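Q: Sequence first, predicted coordinates after that:
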Amino acid sequence: MSRHETKGTFFLGAQKQTLLPFEPASRWVGWSMNSEPVKSRRDFLTHRSANVTDPPTVPVAGNTVRLATRAMACEFSVVMNPGSHSDVPVASDALEIVHNIETWLSIYRVDSELSQINRVAGEGPVPVRRELFELLRTSVRLHSLTDGAFDIAMGRQIQLWRSCRAENRLPTDSEVEAALAASGSQHLRLDADNQTVEFARAGLRLDPGAIGKGYALDEAVHWLTSSSKGPASCLLHGGHSSVVARGQHNGVDGWPVGIGNPLFTQKRLGTVLLKNQALSTSGSNIQFFRVGEKRYGHILDPRTARPVEGMLSVTVLADSAAVADAVSTAFFVLGVENARKYCDNLENVAVILIPFPTGKKVTPTVIGVPSSRIFWDEQQVVMAWFVPQDKNYPGRRKWTPWR
């Protein structure tokens with residue numbers, strides 16, 4: 001447990017870029033007021049005749065114990081309710097699983113299994129471990145279900161824009177075309193019988209950046225929940241962008257997770273009460289660069305190899321952190337209208353879509369998240385449009401990730 005840090009209090013929020021401290025909010029939307037006829041002027045002035053439903057109490061974080069480590073170039077934490085000391089060793093083991101996954105999944109380690117695939121899979125089939133094969137198979141499914149808006153095989157595009165950012169320039173059209181030609185999960189050949197991976201297109205490069213942390217969280221949570229000595233309730237996060245919550249916290253039915261304001265990163269737009277689900281938020285308000293007078297975000301559309309415009313942030317709730325990670329990126333690429341359509345293709349996936357506002361307040365579109373689980377700050381939110389998921393959508397397909 002030497003490389004893990006234990007702390008006594010943890011404040012959490014849910015924005016891709018930052019975790020924000022919990023603070024009681026004075027004004028929240030999401031509540032209703034039903035009035036009756038006013039009997040007198042005095043009643044009107046004192047509100048005696050109005051049947052007013054007070055806004056619901058916003059859930060807040062209580063005392064916690066946090067065990068943290070650094071892996072995959074970010075912080076991973078297990079957050080637990082105060083209680084049994086026996087929870088700590090199990091949480092430490094869960095974080096060791098994250099370190100182990102990094103050894104074979106990181107593209108920044110030349111000796112990792114994924115780096116080996118990137119080097120030689122263009123020459124023929126490469127045998128891989130079961131976990132990596134299942135992750136790649138899930139990624140290919142998500143690529144198909146999102147019309148290519150999520151793509152684990154877009155590493156050449158990411159490389160191109162990263163180098164251009166370092167040189168403070170835009171890529172040329174020919175560079176973009178070359179990166180596009182060397183991208184696409186449709187060029188992955190997965191052989192389930194022999195558990196091998198092969199590239200059908202020369203120059204292909206896998207990059208798990210949009211799904212890797214979520215996958216690591218899923219495996220860590222699986223360890224915790226499978227152990228008889230693990231905590232009954234806990235929250236895990238990776239990189240302050242992906243969160244998994246299990247059980248209850250501070251007397252409420254779930255864990256309160258703040259939705260950060262991408263425009264004012266020290267503020268929260270609201271709070272989601274998360275229970276037995278994963279949550280991931282994608283946004284480009286911190287990772288960006290400027291060329292001339294224009295700002296370019298870090299999230300690329302894999303179908304064009306160019307930065308996405310129009311969305312402020314996307315938060316996805318799902319049963320799997322890997323799915324939430326990948327789909328939040330895909331829906332950021334797709335935009336509000338297309339995300340609404342593709343959301344119905346995915347089982348047990350809900351989304352909060354926030355486009356760039358025309359004024360000072362944002363207007364979220366919420367699909368599949370019960371309004372009773374979200375508490376908005378009316379000083380920052382104009383109106384949250386709750387759109388029920390259409391369970392009878394003709395294109396809806398059910399599928400199950402690796403577990």
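A: Structure received.
Q: Check the offset of whichever strand or helix holds S328 from the chain's centre.
A: According to DSSP states H and E, S328 maps onto helix 321-343. With C-alpha atoms, centre = their mean, to the nearest Å as the basis, helix 321-343 stands 10 Å off its chain's centre.
Q: what's the answer for stretch 57-72, then?
A: 17 Å.
Q: could you pull out the helices for the protein?
A: With DSSP state H, the ranges of helices along the chain come out as 41-46, 87-105, 113-120, 130-145, 155-166, 173-181, 212-226, 321-343.
Q: Next, the buried residues of stretch 102-122.
A: Within stretch 102-122, the residues that count as buried by 16 or more other C-beta atoms under 10 Å are 102, 104-107, 112-115, 117-118, 121-122. Using the backbone N, CA and C atoms, a C-beta is placed for each residue, glycine as well.
Q: Give me the distance between the nearest residue to R303 once chain neighbours are set aside and A68.
A: Excluding its sequence neighbours, the residue lying closest to R303 (C-beta to C-beta, 6 or more residues apart in numbering) is G148, at 5.2 Å. As judged by C-beta to C-beta, to the nearest Å, G148 and A68 stand 36 Å apart.
Q: Ranking helices and strands of this structure by mean pLDDT, which lands last?
A: strand 33-34 (a mean of 27; mean pLDDT, DSSP states H and E).
Q: do you know how far the nearest residue to I101 once chain neighbours are set aside is from D319?
A: Counting by C-beta to C-beta, 6+ apart, I101 lies nearest to A216, which is 4.8 Å off, once chain neighbours are set aside. Relative to D319, A216 is positioned 16 Å away (C-beta to C-beta).
Q: between those two, which one's more packed in?
A: Neighbour count, other C-beta atoms under 10 Å: between A216 and D319, A216 has more, with 30 against 17.
Q: mind listing what A181 touches?
A: R201, G203 (C-beta atoms under 8 Å, 6 or more residues apart in numbering).
Q: isn't the residue nearest to I101 right next to T103, touching?
A: No - in this structure, A216 is not within contact of T103 by C-beta atoms under 8 Å, at 11.4 Å.
Q: F133: what's it in contact with?
A: L190, A192, Q195, V197.
Q: Point out where this protein drops to low pLDDT.
A: 1-56, 284-288, 389-403 (pLDDT under 70).
Q: try 50 this time
A: 1-2, 6-52, 391-403 (pLDDT under 50).
Q: Tell me which residue is most central in it.
A: Residue closest to the mean C-alpha point of the chain, counted by C-alpha atoms, centre = their mean, is S280 at 1.6 Å.
Q: Was I right to think that one contacts F331?
A: No - with contact defined as C-beta under 8 Å, S280 does not reach F331; the gap is 10.2 Å.
Q: Need the overlap of contacts for the two.
A: The contact lists of S280 and F331 share V316, where a contact means C-beta under 8 Å, 6+ apart.
Q: what's V176 in contact with, if anything?
A: V176 sits in contact with L160, T304, A305, R306, where contact means C-beta under 8 Å, 6+ apart.
Q: what's the distance between the residue lying closest to P256 once chain neighbours are set aside and K267?
A: Spatially, and ignoring its direct neighbours in sequence, P256 is nearest to P59 (4.0 Å; C-beta to C-beta, 6+ apart). Distance from P59 to K267, counting by C-beta to C-beta: 18 Å.
Q: So which of these two has more stuff around it?
A: P59 (22 against 16).
Q: check contacts around the more buried one.
A: Applying C-beta under 8 Å, 6+ apart, we find P59 in contact with N250, V252, G254, P256, T271, L273, F375.
Q: residues in contact with the third one?
A: Which is G254. P59, A245, Q248, L273, L274, K275, R373.
Q: hang on, the earlier thing: and the contacts of P59, which two are furthest apart?
A: By the measure C-beta to C-beta, N250 and F375 form the most distant pair in those, at 14.4 Å.
Q: Comparing these two, which residue is more hemmed in?
A: F375 (25 against 15).
Q: That one contacts V257, doesn't it?
A: No - contact criterion C-beta under 8 Å: F375 and V257 do not qualify, at 10.9 Å.
Q: what is in contact with the two at once?
A: Common neighbours of F375 and V257 (C-beta under 8 Å, 6+ apart) are T271, L273.
Q: wait, what's in contact with E75?
A: With C-beta under 8 Å, 6+ apart, E75 has these contacts: A68, T69, H237, G238, G239, H240.
Q: let's see 6 Å
A: E75 makes contact with A68 under the criterion C-beta atoms under 6 Å, 6 or more residues apart in numbering.
Q: Could you report the distance from it to R129?
A: With distances taken as C-beta to C-beta, E75 is found 26 Å from R129.
Q: Over to G310?
A: G310 is 39 Å from R129, by C-beta to C-beta.
Q: Not counting its neighbours along the chain, what's nearest L279?
A: In space, L279 is closest to V243, 4.7 Å off (C-beta to C-beta, 6+ apart).
Q: how close does that neighbour get to V272?
A: 9 Å.
Q: got any residues that touch both of the two?
A: V257.
Q: Let me have the helices of the chain in CSV, extended by distance to H298.
A: CSV is the format used below for the helices of the chain (distance: least, C-beta to C-beta, whole Å):
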stretch, distance to H298
helix 41-46, 54
helix 87-105, 20
helix 113-120, 21
helix 130-145, 19
helix 155-166, 8
helix 173-181, 15
helix 212-226, 15
helix 321-343, 11
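Q: Could you single out the most deeply buried of those?
A: helix 321-343 (a mean of 25; mean count of other C-beta atoms under 10 Å).
Q: Quick one: the strands in the stretch 301-403 of the chain, in order.
A: Assigned by DSSP state E, counting those that start in this stretch, the strands in the stretch 301-403 of the chain fall at 306-307, 311-318, 350-355, 365-367, 374-377, 385-387.
Q: Tell me which of the ones you listed sits nearest to H143.
A: Of these, nearest to H143 by C-beta to C-beta is strand 311-318, at 15.9 Å.
Q: List the contacts of the closest one.
A: Residues contacting strand 311-318 (C-beta under 6 Å, 6+ apart): 262, 277-283, 324, 327-328, 331-332, 349-356.
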